[in-house]
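> coords please:
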Amino acid sequence: MYSSYFYYDSTYLLVLLGALLSIIASATVNATYAKYNKVMSTSMITGAMAAERILRYAGIGDVSIEEISGQLSDHYDPRHKVLRLSSGVFNSTSIAAIGVAAHECGHAIQDNKGYVPLKLRGALVPVANLGSKLGLPIVLIGLLLAHSYTLTMLGVWVFSIAVLFQIVTLPVEFNASGRAIRMLGDTGILGDHELKGASSVLKAAALTYVAAAAASILQLLRLILLFGGGNRRRD
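This next block holds a predicted model:
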């Protein structure tokens, strides 16, 4: 009976492990960013100025740069060709801010060059959003209301799309960071010792994506272990 799954079982350890990884990754990126956010670059240019220089160096003239509110809410919008930087990055001359701005420029360069994983991630966004919002609710409906194995497994498959999105995100983020560090060096925005600090910030940020992917995979594995067996109660 499905009701037995709501009591403790060893697969809860997978969820706890995923949560622990996320906590560690979040603490690491916050500590690393805070450390290098206190170190000003010798070039004394802001994150916005660094982004403008990198885009110009890369020959990209159709991407605008905007300041937005929020803490580390920075992102590149490929639909509108806009690179949006949080105020703490847009106006700061710190190594951390310049590194984050350069990372977002890395996404703009990916878009400009037709980087396939970025295109794939963009194509997955609509269905991945549905998967993250509806996957687990469908599983619960299948268990509690419909008592349906088919509906429960449909929820598992819908959730797996969100997991796929997390996995595809990894090469996109790592590649953007790699491009960022190279461009910061090529343009002379940061010196060699400053590049190490920026690289530390971006590596710490990348851990959050790794942790998110790992947590999603562990959650999916738990669902498969609980409901994927052929001996479960069927419709």
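
> Just checking the distance from stretch 28-47 to the centre of its chain.
Using C-alpha atoms, centre = their mean, to the nearest Å, the mean C-alpha position of stretch 28-47 is found 20 Å from that of the whole chain.

> So which bits of it are buried?
Residues of stretch 28-47 classed as buried: 28, 29, 32, 33, 35, 36, 37, 41, 43, 45, 46, 47 (neighbour count, 16 or more other C-beta atoms under 10 Å). (Glycine included, C-beta is placed from N, CA and C.)

> Just the strands from the chain, written as ranges.
64-68, 75-77, 82-86 (DSSP state E).

> Give me the contact list for the shortest one.
Contact with strand 75-77 is made by 63, 82, 83, 84, 104, 105, 107, 108, 111, as judged by C-beta atoms under 8 Å, 6 or more residues apart in numbering.

> Looks like the second one contacts residue 68 (just checking).
It stands for residue 82. No: with contact defined as C-beta atoms under 8 Å, residue 82 does not count as touching residue 68 (9.6 Å).

> Show the pLDDT at residue 78.
Per-residue pLDDT puts residue 78 at 93.

> Next up, the contacts around the closest residue to it other than its chain neighbours.
Leaving aside its sequence neighbours, residue 78 sits nearest to residue 111 (C-beta to C-beta, 6 or more residues apart in numbering; 4.6 Å). Under the criterion of C-beta under 8 Å, 6+ apart, the neighbours of residue 111 are 76, 78, 81, 118.

> How much space separates residue 111 from residue 184?
Distance of residue 111 to residue 184, computed by C-beta to C-beta, to the nearest Å: 19 Å.

> What of residue 62?
Counting by C-beta to C-beta, the gap from residue 62 to residue 184 is 22 Å.

> The most centrally placed residue in the chain and residue 174, how far apart?
Nearest residue to the geometric centre of the chain (C-alpha atoms, centre = their mean): residue 209, 4.4 Å. Note on residue 209: its distance to residue 174, by C-beta to C-beta, is 8 Å.
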